[in-house]
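J.: Build the 3D model from these lines:
(one chain, ligands or ions: 4)
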Amino acid sequence: MKTETGQSKSFIKMRIAWLLPVCLALATLFFLTGASEYTSQTDFCQSCHEMNKVVSTWQNSIHGANESGIVAECKDCHIPRNLGNKLVVKAGKLKELYVHSVVRPTNFEFRRMTPELADRARSKIDDQNCLACHDLKRQVPNSETQQIAHSTSVGTAACVSCHQWVGHAPREIKKEGEIR
Ligand code: HEC
Ligand code: HEC
Ligand code: HEC
Ligand code: HEC
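T.: Numbering: from 1, shown residues only. Ligands and ions are numbered 1, 2, ... in the order given. As a prediction, this is how the structure comes out:
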């Protein structure tokens, strides 16, 4: 019995020893071949996300089109800038690939999942992504509400905890009274 577990343990160790360089090699390839760049492009996201309306609601939002001509692409909000978090989010895309190609939810099922997906999406959005474009220190507040909200909450509450719907306006799941 003892030797058996000993053997299976060293077998597992051997497999882990194998896996590590293989994963490293794959990760290096992912970055060197530009696959990381490619999988951050809006076109790539669009190839799957036509069905749940996120593309059209983004195009109609202030971030998809506005007078300044600066467009926030999908990755500008959804892919963290910090390398560690970026890898975690990218790895999560493997699950998206699995759900898309194996589970194959219907449009109806997707709509049912939307509130949950919206919450999950928010929990992964990093303030640094918003701050890369919005320098709040230099922005002149256009209302007292904004001035109070920003001076008391920024840094403690996530941007998207108040600006819940900035990426995809207007959505049916938005409740009355909520801000963009
Ligand atoms: C292979 C198809 C596919 C591609 C390509 C794809 N997605 Fe997804 N995505 C999905 C599916 C399917 C789900 C639902 C996953 C689930 O049910 O857990 C999802 C969920 C999401 C969510 C909500 C859930 C969460 O965990 O955040 C966000 C945000 C998202 N995708 C953004 C993106 C962005 C941004 C891109 C491009 C960089 C992208 N997706 C590319 C299929 C895809
Ligand atoms: C300005 C930031 C921003 C941009 C740009 C943006 N999003 Fe989002 N996204 C959000 C926020 C905030 C949420 C959560 C609230 C909601 O669902 O609208 C979200 C939610 C989502 C969800 C989950 C909810 C659902 O309906 O499935 C998906 C998928 C998604 N985004 C994909 C995309 C794709 C694809 C693009 C580019 C075409 C994009 N987003 C562009 C901020 C953004
Ligand atoms: C690529 C740059 C970019 C990124 C990233 C970005 N924004 Fe914006 N945002 C803009 C531009 C440009 C406008 C339009 C400004 C204008 O027309 O005055 C805007 C407008 C807004 C507005 C005003 C909305 C309205 O209805 O008037 C809010 C609020 C906002 N952004 C919050 C956010 C939050 C929160 C995030 C992070 C999830 C974010 N933005 C990410 C560029 C960006
Ligand atoms: C406690 C809630 C709260 C938080 C957290 C918050 N905001 Fe706001 N923000 C507001 C309110 C309220 C307004 C004013 C909305 C209005 O007048 O419709 C506003 C307005 C804005 C505007 C629009 C200014 C304009 O020209 O209309 C931008 C851009 C913005 N916030 C960006 C951000 C960013 C980026 C973060 C995160 C670093 C953030 N906010 C965090 C509540 C918040």
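J.: What residues does this structure have near ligand 4?
T.: 127, 130-131, 134, 136, 142-143, 145-146, 149-150, 153-154, 157, 159, 161-163, 179 (CB under 6 Å from any ligand atom). Where you see a C-beta, it was placed from the backbone N, CA and C, and this is true even at glycine.
J.: Can I get the buried part of the residues you listed as one PyMOL selection?
T.: Buried subset of the residues of the chain next to ligand 4, written as a PyMOL selection, criterion 16 or more other CB atoms under 10 Å:
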select buried, resi 130+149+150+154+159+162+163
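J.: Just the element for C23, please.
T.: helix 2-32 (DSSP states H and E).
J.: now the helix or strand following that helix: mean pLDDT?
T.: Under the assignment DSSP H and E, the closest C-terminal helix or strand after helix 2-32 is helix 35-38. What helix 35-38 shows for mean pLDDT is 76.
J.: re earlier: quick one: which of the residues of the chain next to ligand 4 sit in strands?
T.: In strands, judged by DSSP state E, none of these are found.
J.: Counting only helices, which of the residues of the chain next to ligand 4 make the cut?
T.: Within those, residues falling in helices by DSSP state H are D127, C130, L131, T145, Q146, A149, H150, S153, C159, S161, C162.
J.: doesn't C159 make contact with the first one?
T.: What it means is D127. Yes. With contact defined as CB atoms under 8 Å, D127 counts as touching C159 (5.2 Å).
J.: So what's the residue count around A118?
T.: Residues near A118, counting by other CB atoms under 10 Å, number 19.
J.: now swap in T106 and tell me
T.: 9.
J.: which residues does the closest residue in space to A72 that isn't next to it in sequence contact?
T.: Residue nearest to A72 in three dimensions, not counting chain neighbours: H63, with 4.0 Å by CB to CB, 6 or more residues apart in numbering. Applying CB atoms under 8 Å, 6 or more residues apart in numbering, we find H63 in contact with V71, A72, C77, V166, G167.
J.: Neighbour count and pLDDT added to those, as TSV?
T.: Converted to TSV, the contacts of H63 look like this (neighbours: other CB atoms under 10 Å; pLDDT from 0 to 100):
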residue	neighbour count	pLDDT
V71	13	94
A72	19	96
C77	22	97
V166	18	92
G167	25	92
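J.: Contacting ligand 3 as well, which ones from these?
T.: Near ligand 3, by the rule CB under 6 Å from any ligand atom, you find A72, C77, V166 out of those.
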